[in-house]
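S.K.: here is a sequence with its predicted model. Questions after.
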Amino acid sequence: MGEQISHIGERLGNYHMLRLLGEGGFAQVYLGEHIHLGTQAAIKVLHTRLGRTDIEKFREEARTIARLAHPHIVRVLEFDVEDNTPFLVMDYAVGGTLRRQHPKGTILSRETIAPYVQHIAEALQYAHDQNVIHRDIKPENMLLDQHHQVLLSDFGIAAATQSSRDQKVLGIAGTVTYMSPEQLQGRFSPSSDQYALGIVVYEWLCGERPFGGAFAELCAQHMFAPPPSLREKIPAISSDIEQVVMKALAKDPDQRFQNIRAFATALREAYQAEQPDIVQPLQASLPSPNSQEDPLVMRQRADAPSIRVEEDTPPTELRAVAPSTVPNEDMSSANVRKHTTQPSKRLARRTVIVAGLSGLAGLGIGLTWLVASRNELLSTSASTSPPFLTALPSVGATLYSYEGHDDTVDVIAWSPDGKRIASGGGDKTVQVWEAAKGSHILTYREHTEGVYGLAWSPDGARIASGSFDKMVRVWDVAEGGHIFTYVYTGHDNLVEEVAWSPDGKWVAVTGVRTMEAWSAVDGSQRSIYQRGLGAAKTVAWSPHDGRQIASGGGNMVYIWNTADGKQTFVYRGHTDRVDTVAWSPDGKRVASGGKDKTVHVWDAANGDDVVIYRGHAEYVNSVAWSPDGKRIVSGGNDETAQVWDATNGKPIFTYRGHTSDVNAVAWSPNGKWIASGDDGKSARVWVAPEAR
């Protein structure tokens, strides 16, 4: 996507841009205030600049969307093009998205699902009658207003964006997790929205979607695999309800319900047959929005993907990936063969080949697709499984931006299995989110000051978080439940950083002047390594054996033996305060950086310098090693995250996606991605360069 221009403080139309609410693959969303009326609205600024011939096309698309006037559709209040940049002004719904109300994994009651589906179906039927297809039905695009009414948002906005771009780009838009088989082939109809709503209802009923996995795997399942039985997952669900949902999820659009209204009616009748008193006032059935959640309802909707078809992608950028190699057992080659015996009704002669991010489905980014003949496809593999070709994403490509924080993002960490990311900062929270696509999982709110240290337990079940409230709290990641608290007392100690020992038995903590360690079992045992450290800001535990701890104090780094608490030696290579330290994966070297704008890599046994990296123009705030130990990423106050060779200091890549100080960087366990957080309330996940 590239670095985007900030419009904060600017005026678009009659609205003054107050702050950024969210940013995605094809738009930024701002909170805007009307310059005359003082009313607030959500302003969606699209990531495209239009030529003269395209402006009228965009306006025609926007007029179509703006004409949708329905009680359960978010209104488009205004649209225009300024300086060749198109933008739309929309209602600012304060109740949040249904995804926020019901996070992934939540099972909803029939009493809750019934009014949701009825409201959404009413909105869709109205739109379909106006010849408008949504194309991106998902809980993130379903909002609650101040009266707790469901509103459907983002009607055709992705399509409007695409229609205004290069004429080679075809009209495929949507989120692959909810995308119908025909939509994956570049065709869509009102029935495509029915299929997507069927996926949503399936998810609400049993707490999980019918299909999952990598991008190529998801496509194969949507096109060939039958949805797993709902009754096997939730035996209490009646066969009538299951049959209704399965009909909406038919691979052939002609086998689904005649229209979206018929689907909603059939579902309601199945509910009534199971529970006659299900019919009740719709308003009473809707839950109240969670008042503790910040209602930045556009945050995730800004990341709705725009899936593009480009015919001129160089074939040399492709590599073959067989679906049978993905880990989901349900998509074995035998299962795929079973469901591809009669492909003629489902697949056009020119079949879609994926050329995007195979491992990251629904990331809210632009994905590139190629089209090739089916015969050419089948000749690329001896397997009878439908082959997919996947292009490697470009180095530094921003996969998505997580905008859940209301203040600076000062610390970030991947879970040991690489499936989740935790971030903390100035808003006094720790937030856990899905690494694959940035979906919010939970927010931990027990700290009373900013959170500047956090660490996952080696088993990924707990997090230790440290704050300027002088507390280190250990809590359960699955529930967010509190386990116990360390009170970091003495010397006015604000907690700067925490680190978990490799064996999971200890947590090390550093603050203004001391470095200590506590038992991670119950917090009862305490070891004080040294008091009086100058500005002790960082701590890291040696990997594997956990026999040593490195801590930064003043312009020095101290190495401690954990067995007896004695100091091994002091590294004195820096000329100013040390703010970050990290051990190499093999435990043989340490990287340290800070206020002197350098990162030093040195031998952990004797402190001998290996390399000094001088690529940053301002303070270095964070460093992280790649899992193979060959590269280092460092983030600093020069608004960059820089990747460089750990052996010789040669620069490899500079990431410029942030527009403020980069406070935290972390490398994914598989080495493919880097997460970074900044002073602008944003955390970003981007593609890491490979080792040279």
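M.R.: Great, that's in hand.
S.K.: poorly predicted segments of the stretch 351-500 of the chain, please.
M.R.: Along the stretch 351-500 of the chain, segments meeting pLDDT under 70 span 351-393, 480-493.
S.K.: domains of the protein?
M.R.: The record's domain parsing of the chain by automatic domain parsing lists 11-289+298-307, 398-687.
S.K.: chain center to the last one, what's the gap?
M.R.: So the one you mean is domain 398-687. 21 Å (Cα atoms, centre = their mean, to the nearest Å).
S.K.: tabulate the domains of the chain (a markdown table), appending distance to residue 5 and mean neighbour count.
M.R.: No exception for glycine: its C-beta is placed from N, CA and C like everyone else's. Listed next are the domains of the chain as a markdown table, based on distance: least, Cβ to Cβ, whole Å; neighbours: other Cβ atoms under 10 Å:
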| stretch | distance to residue 5 | mean neighbour count |
| --- | --- | --- |
| domain 11-289+298-307 | 9 | 20 |
| domain 398-687 | 9 | 20 |
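S.K.: any stretches of the stretch 101-250 of the chain with poor pLDDT?
M.R.: The stretch 101-250 of the chain contains residues with pLDDT under 70 at 156-174.
S.K.: can you pull out the strands in it?
M.R.: 142-144, 150-152 (DSSP state E, counting those that start in this stretch).
S.K.: figure out which of those is closest to residue 598.
M.R.: Closest approach to residue 598 among the strands of the stretch 101-250 of the chain is made by strand 142-144 (47.8 Å; Cβ to Cβ).
S.K.: which residues are contacting that closest one?
M.R.: Outside of strand 142-144, the residues within contact range by Cβ atoms under 8 Å, 6 or more residues apart in numbering are 74, 93, 95-99, 101, 116, 120, 150-153, 286, 289, 297.
S.K.: take those and keep only those in helices.
M.R.: The members of those that map onto helices under DSSP state H are 98, 99, 101, 116, 120.
S.K.: can I take it that residue 88 is in a strand?
M.R.: Yes - secondary structure assignment places residue 88 in a strand (DSSP: H, G, I helix; E, B strand; the rest coil).
S.K.: how much space between it and residue 73?
M.R.: 14 Å (Cβ to Cβ, to the nearest Å).
S.K.: do the same with residue 562
M.R.: 60 Å.
S.K.: how about residue 575, what does it touch?
M.R.: Contacts of residue 575 (Cβ under 8 Å, 6+ apart): 555, 596.
S.K.: hang on, I meant residue 466
M.R.: For residue 466, the contacting residues are 451, 452, 453, 454, 472, 488, 495, 496, 497, 498, 509, by Cβ under 8 Å, 6+ apart.
S.K.: assign the last one to helix, strand or coil.
M.R.: Using three-state DSSP, the structure places residue 509 in strand.
S.K.: hang on, it packs against residue 498?
M.R.: Yes - taking contacts as Cβ atoms under 8 Å, residue 509 lies within contact range of residue 498: 5.2 Å.
S.K.: residues that sit against both of those two, list them.
M.R.: Common contacts of residue 509 and residue 498 (Cβ under 8 Å, 6+ apart): 453, 466, 472, 539.
S.K.: let's see which of these end up in strands.
M.R.: 453, 466, 472, 539 (DSSP state E).
S.K.: circling back: mind checking which of the strands of the stretch 101-250 of the chain is nearest residue 435?
M.R.: strand 142-144 (23.8 Å).
S.K.: residue 627 falls within a helix, correct?
M.R.: No - secondary structure assignment (three-state DSSP) places residue 627 in coil, not in a helix.
S.K.: just want the phi and psi numbers for the spatially closest residue to it that is not a sequence neighbour.
M.R.: In this structure, residue 627 finds its nearest non-sequential neighbour in residue 671, 4.5 Å apart by Cβ to Cβ, 6 or more residues apart in numbering. Main-chain torsions, residue 671, degrees, to the nearest 10: phi 80, psi 0.
S.K.: residue 671 contacts residue 688, doesn't it?
M.R.: Yes - between residue 671 and residue 688 there is a contact at 6.5 Å, judged by Cβ under 8 Å.
S.K.: mutual contacts of these two, please.
M.R.: residue 626.
S.K.: the nearest residue to residue 233 once chain neighbours are set aside: what's it in contact with?
M.R.: Excluding its sequence neighbours, the residue lying closest to residue 233 (Cβ to Cβ, 6+ apart) is residue 206, at 4.3 Å. Residue 206 sits next to 107, 230, 233, 234, 237 when contact means Cβ under 8 Å, 6+ apart.
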